[in-house]
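[1] I would like the atomic coordinates for the input below:
(one chain, ligands or ions: 1)
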Amino acid sequence: MKIEILQPVGYCSGVNNAILKAIKIKKEHSNKPVYILGSLVHNSHVIDSLESIGITNLADNTSLEEKISSLNDGSIIIFTAHGHDEKVDEIARNKNMIIYDCVCPIVKANMSLIKEKIASNYNIIFVGIKNHPETTACLSISKYIHLYDAKTNVFEEFDTKKKVFVTNQTTLNFKELEDIFNYIKEKYPDAEFNNEICPATRIRQESILKIDDDVDTVIVVGDKNSSNTKRLFEISSFRNKKASTYLVSSEDDINTEMFNNKNHIVITSGTSTPREVINSVYEKISKITK
Ligand code: SF4
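    The predicted model follows:
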């Protein structure tokens, strides 16, 4: 039995920075409650570990406005790694809140680019997954941003005399995005395209596409709410039709039946999956396939 862990593993830089920043903020306000307005990153192990040091993730389905309204004046709040509608900052400032932002620099740069293009009188097409926080944040910038929903392929064409700029959520399937960009190019031949798939997402997707043909089992370790983890699962399921692909959040999701008559197992992981979780999955598989 061969068991491989695909590189890279562990946190991407955006997730790592967000976690370290949140821990530092809590240390600076050790005697006060600290709230994250959503899930800092999409991984339940990370959320649990932040909760264990007294950071509350307000990860329910309420809007940012509702979350801020539910907190006391002067609360310490953190915005997540996915970006947010900056108009709500005003509501928080009016409640004298202490505001921190853990947005990933790559997402932030994309949002800045969108703002520049809007200021230069462009219409924007944003390719993203509807209701994902990064997509919601980018769409909040202007009414001149039109969503192409990468999950459902729903897109409402629009007439425009303005120039068109096309950009995307950072954690999409890079192959699917090429097809979507080609489709949009047919509709808007003069559009300018900016591929924003982040390097951490792209490298992991490319490495799952390059695995040996004799791999018969792929284990994707990550959270079911993590966009880049779900893309890895989809790509592996599509690319390796003869192999069985499983998405597991921890060693608890691993069972003996997954490996009956299997010979070559590959483990990959999302960008917010802690290294310890990947190691424990590896150890459990090693034990039960010995
Ligand atoms: S997956 Fe990419 S965009 Fe998302 S936090 Fe990591 S580096 Fe940033």
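[2] can you tell me the residue of the stretch 151-290 of the chain closest to the ligand?
    Taking C-beta to the nearest ligand atom, the ligand has its nearest neighbour within the stretch 151-290 of the chain at residue 198, 3.2 Å off. To be clear about C-beta, it is placed using only N, CA and C from the backbone, and glycine gets the same treatment.
[3] and the helices in the protein?
    Taking DSSP state H, the helices of the chain run over residues 13-28, 44-52, 64-70, 88-94, 105-119, 133-139, 174-187, 199-209, 227-239, 275-288.
[4] turn the ones you listed into CSV, including mean neighbour count and mean pLDDT.
    Formatted as CSV, the helices of the chain follow (neighbours: other C-beta atoms under 10 Å; pLDDT from 0 to 100):
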stretch, mean neighbour count, mean pLDDT
helix 13-28, 17, 98
helix 44-52, 16, 97
helix 64-70, 16, 96
helix 88-94, 14, 97
helix 105-119, 17, 98
helix 133-139, 23, 97
helix 174-187, 15, 97
helix 199-209, 18, 96
helix 227-239, 22, 95
helix 275-288, 16, 97
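[5] closest to residue 153 out of the ones you listed?
    The closest of the helices of the chain to residue 153 is helix 174-187. By C-beta to C-beta, the value is 7.7 Å.
[6] contact partners of the closest one?
    Contact partners of helix 174-187, identified using C-beta atoms under 8 Å, 6 or more residues apart in numbering, comprise 125, 127, 148, 150, 153, 155, 157, 166, 168, 191, 193, 195, 197, 201-202, 205-206, 235.
[7] now those residues: which count as buried?
    For the contacts of helix 174-187, a burial check counting by 16 or more other C-beta atoms under 10 Å picks out 125, 127, 148, 150, 155, 166, 168, 191, 193, 197, 201-202, 205, 235.
[8] what's the nearest residue to the residue of the chain found nearest the ligand if we skip its chain neighbours?
    Closest residue of the chain to the ligand, C-beta to the nearest ligand atom: residue 14 (2.6 Å). Leaving aside its sequence neighbours, residue 14 sits nearest to residue 104 (C-beta to C-beta, 6 or more residues apart in numbering; 3.1 Å).
[9] relative to residue 222, how far out is residue 67?
    Distance of residue 67 to residue 222, given as C-beta to C-beta, to the nearest Å: 25 Å.
[10] and residue 212, by the same measure?
    Counting by C-beta to C-beta - residue 212 and residue 222 are separated by 22 Å.
[11] neighbour count winner among the two?
    residue 222 (27 against 10; other C-beta atoms under 10 Å).
[12] what residues does the stretch 101-250 of the chain have near the ligand?
    104, 106-107, 170-171, 198, 200-201, 228 (C-beta under 6 Å from any ligand atom).
[13] quick one: those as a markdown table, columns for distance to residue 253 too.
    Shown next, in a markdown table, are these (distance: C-beta to C-beta, whole Å):
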| residue | distance to residue 253 |
| --- | --- |
| 104 | 27 |
| 106 | 30 |
| 107 | 29 |
| 170 | 26 |
| 171 | 22 |
| 198 | 26 |
| 200 | 23 |
| 201 | 23 |
| 228 | 18 |
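[14] residue contacts, residue 164?
    Residue 164 sits in contact with 122-125, 188, 190-192, where contact means C-beta under 8 Å, 6+ apart.
[15] over to residue 21?
    Each residue near residue 21 by C-beta under 8 Å, 6+ apart is listed here: 78, 100, 102.
[16] now swap in residue 194 and tell me
    Neighbours of residue 194 in contact, by C-beta under 8 Å, 6+ apart: 110, 113, 165-168.
[17] from residue 117, how far out is the closest residue to residue 121 other than its chain neighbours?
    In this structure, residue 121 finds its nearest non-sequential neighbour in residue 162, 5.7 Å apart by C-beta to C-beta, 6+ apart. Distance, residue 162 to residue 117, using C-beta to C-beta: 10 Å.
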